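Asker: Below are the sequence and a predicted model for it; my questions follow.
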Amino acid sequence: MSTRRTKTGATVRGGIVFTMVISLLFTVLLGSALAVDLQDPKFQTINVSPSASSPGSVISVTVTATDDVGLSSGVVGFESPATGIVRYVFLDYAGGNLTGSFTVDRYDPPGVWKPVYIEILDTSSNIFAATGDEVDLSAGNITISNPSPDITAPTFASLSIPNTQTNPGGKVSLSIKAADSESGLASAQVLWSNAWNSLQAFLLYNPKTGQLEADLYVPIDQSTGTYTLSMISVLDQQGNEYLWTSDSGPTMPGKDLVLGTSSKAPVAGFKDVYPGDWFAPELLFLVEYEVLGGYSDGTFKPKNNVTRAEFAKMVCQASEWSLTRPATGSFTDVDSGHWAYDYIETAKAHGVIGGYPGGIFKPGANITRAEICKMLVAAGGISLDSSGTNFGDVETSHWARAYIMTARNYDFVRGYPGNLFMPDSFATRAEAAKMIYNAYEYLGTQ
């Protein structure tokens, strides 16, 4: 099965396109060697050893399952009886079963940890997934004895918001000072609200600063006005919570957010991007998900051209690929010391780029709109589709016509007035942002 991401960064499980009848037809007409594996694995049993333990003990998890072709990997989630936090144990195929292990932490709450989720993958990427309510996982229950678990909530010290006044599309940086002497800080959530709307920020612990930190990117269509601080929640590694609300906690003056109406307020903290710019909503999304960034002077430079190396990095970050760093590079003009070496090699490994004759890549050359179409279609693993009305300036013989038409059919690109595309024109950073956003939910599916 394939996965396709939504614009919220989540993943959705793809449905089975062909039925068993079509699989059988492939087998009859093309031979068993070409038959398509469309069957999900079948779960059989789960076993844990030992089933009763204490801190420091290693728990082995074994899952048995069957599959027409072969099992690959899996994951089981065990839920804490005290906090509801789920610990995921990843399984590998070995000796006919899926196996994995974890060590009981000295802060783990005592009681029965129940497996509440299981996922099994085969070698064709078909997935079996179920909750403990859907299949019987009770044989995987683990009883943990722990005389001194972490049951103490973090201690809150302060919330810092240097810029409480901004505009829709703006950026608000915030940090929380807190302490937890046992399992340690994990995350926090801050909520502001008014009579009609709310704003929410999620903070993560930064070990370098010892604080919980986040940048809140205000949606461009967020209504203006004053948003009152309503809630602060701080969690430690075991899910113990410090909770402050405006109804029950001490007052925190100066922590409300005020959203104004200035059309010249910068978007995402870039002083050269404004709410009315045609690419601003897409750029805000990509910055929030760390796909794109700006320059040290606080600008985005939307009208600047994008180099081939820069776009390779953008595609890798949008696709969330693990970076590849081979000992020997693929291109003679990109050595291991080049700032984009890892991104270029990763894009090459995923079949997104091929370079030029003579084994060169031209990393510093500006990328064209046609080249972007090819890279996005390849990164999305999309089959070429040249159907539909052609752009008036894309000749049938153009090397990238099939990629351009495929990108158009998938709504990655829309062209210019007069049914023009300008395939050989250099793409600007604003155009690149728009195209990556349009293709985002398809990227990272390889």
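Answerer: Cool, got the structure. Numbers count the residues shown, from 1 in each chain.

Asker: Just the helices from the chain, written as ranges.
Answerer: Secondary structure of the chain by DSSP state H: the helices cover 20-30, 280-288, 308-319, 341-349, 369-379, 401-409, 429-439.

Asker: Let me see the domain layout of this structure.
Answerer: For the chain, the domain assignment from automatic domain parsing gives the residue ranges 39-144, 155-259, 280-442.

Asker: so what's L284 up against?
Answerer: With C-beta atoms under 8 Å, 6 or more residues apart in numbering as the criterion, the residues that contact L284 are 169, 217, 219-220, 267-268. The C-beta positions use only the backbone N, C-alpha and C, and glycine is treated the same way.

Asker: which of the residues you listed lies closest to K313?
Answerer: Minimum separation from K313 among these (C-beta to C-beta) is found for A268, which lies at 18.1 Å.

Asker: you'd agree that closest one is up against V172?
Answerer: No - look at A268 against V172 with C-beta atoms under 8 Å: they stay out of range, at 10.9 Å.

Asker: In TSV, list the helices of the chain along with distance to T99 and mean pLDDT.
Answerer: Output for the helices of the chain, formatted as TSV (distance: least, C-beta to C-beta, whole Å; pLDDT from 0 to 100):
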stretch	distance to T99	mean pLDDT
helix 20-30	30	41
helix 280-288	38	91
helix 308-319	30	95
helix 341-349	29	95
helix 369-379	34	96
helix 401-409	42	96
helix 429-439	38	95
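
Asker: just to revisit the earlier point, drop the exposed ones from the contacts of L284 and show what's left.
Answerer: Listed as buried from the contacts of L284 are 169, 217, 220, 267-268; burial here means 16 or more other C-beta atoms under 10 Å.

Asker: so can I have CSV of these showing pLDDT and distance to R308?
Answerer: Supplementary listing: those in CSV, determined by pLDDT from 0 to 100; distance: C-beta to C-beta, whole Å:
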residue, pLDDT, distance to R308
G169, 88, 30
Y217, 92, 28
I220, 86, 30
V267, 83, 26
A268, 84, 25
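
Asker: so where's the chain shaky on pLDDT?
Answerer: Counting by pLDDT under 70, the chain has low-confidence residues at 1-37, 261-265, 444-446.

Asker: Quick one: closest of the domains of the chain to Y274.
Answerer: Distances from Y274 to each of the domains of the chain were compared by C-beta to C-beta, and the smallest falls on domain 280-442, at 6.8 Å.

Asker: what distance separates the start and the end of that closest one?
Answerer: By C-alpha to C-alpha, to the nearest Å, the extent of domain 280-442 from end to end equals 21 Å.

Asker: now do stretch 117-129
Answerer: Calculated as C-alpha to C-alpha, the first-to-last residue distance of stretch 117-129 is 8 Å.

Asker: Just the buried positions in it, please.
Answerer: Under 16+ other C-beta under 10 Å, the buried positions of stretch 117-129 are 117-122, 124, 126-129.
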